[in-house]
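*Asks:* 3D model of this:
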Amino acid sequence: VKHMTASEHREAARGALSGRWGLAIGTGLVASALMGGASFGFSFPTSFESGNINVSNEEAVKIIVTVLLVLAAVFAIAFIAGSIYGIFSSIIQAGYCSFNLKLIDYEEPAFRDLFSQFRNAKSIIVAYLLRFAFELIGYMLFIVPGIIISYNYAMVPYILADDPTVSAKEALRM
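*Replies:* Below you'll find the predicted structure:
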């Protein structure tokens, strides 16, 4: 196996992009927008400045319980929405990997390739959840193991996009 130099890699990339710059940039921007998501910021008052407020202990407990229930509901909804979004973006990421693989292999990539991996969603979702769990454990141990684990699994979406018959566990192992 001949190893390519950096200049040979650049030349191969330029050749693959020849006449396809607009498609590649447009697809990349849409993929980034779909995977980047929206961030929702919640702001709560940290202090109350008003006149004399007289609240009985019973009323204060009711207010605190209500606020805690609302916060729990907001966090639960955010967790569920974030999980669904993470799963969706992992499938889009595999589609974008499929687009890039076709591009570099001088096949005919198309914008629809971005959505081509929904048929392989089961393996992608399992790989995403396993990868997330391993990375979370690595980051909880120390930051460096989490970074190393992230790099170890960086090519998993490419492996799954390249060969849909590969299982999630096999893709993580590879």
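
*Asks:* Go ahead and confirm Pro145 touches Gly138.
*Replies:* Yes - Pro145 is within contact range of Gly138, at 4.0 Å (criterion: C-beta atoms under 8 Å). The way it works is simple: take the backbone N, C-alpha and C, and place the C-beta from them, glycine included.

*Asks:* more neighbours, those two?
*Replies:* Using other C-beta atoms under 10 Å, the more surrounded residue of Pro145 and Gly138 is Gly138, with 18 against 15.

*Asks:* What does the more buried one show for phi and psi?
*Replies:* In terms of degrees, to the nearest 10, the main-chain angles of Gly138 are phi -60, psi -40.

*Asks:* gap between it and Ile91?
*Replies:* Gly138 sits 23 Å away from Ile91 when distances are taken as C-beta to C-beta, to the nearest Å.

*Asks:* what do you get for Ala121?
*Replies:* For Ala121, the distance to Ile91 (C-beta to C-beta) stands at 6 Å.

*Asks:* cool, and Ala133?
*Replies:* Counting by C-beta to C-beta, the gap from Ala133 to Ile91 is 18 Å.
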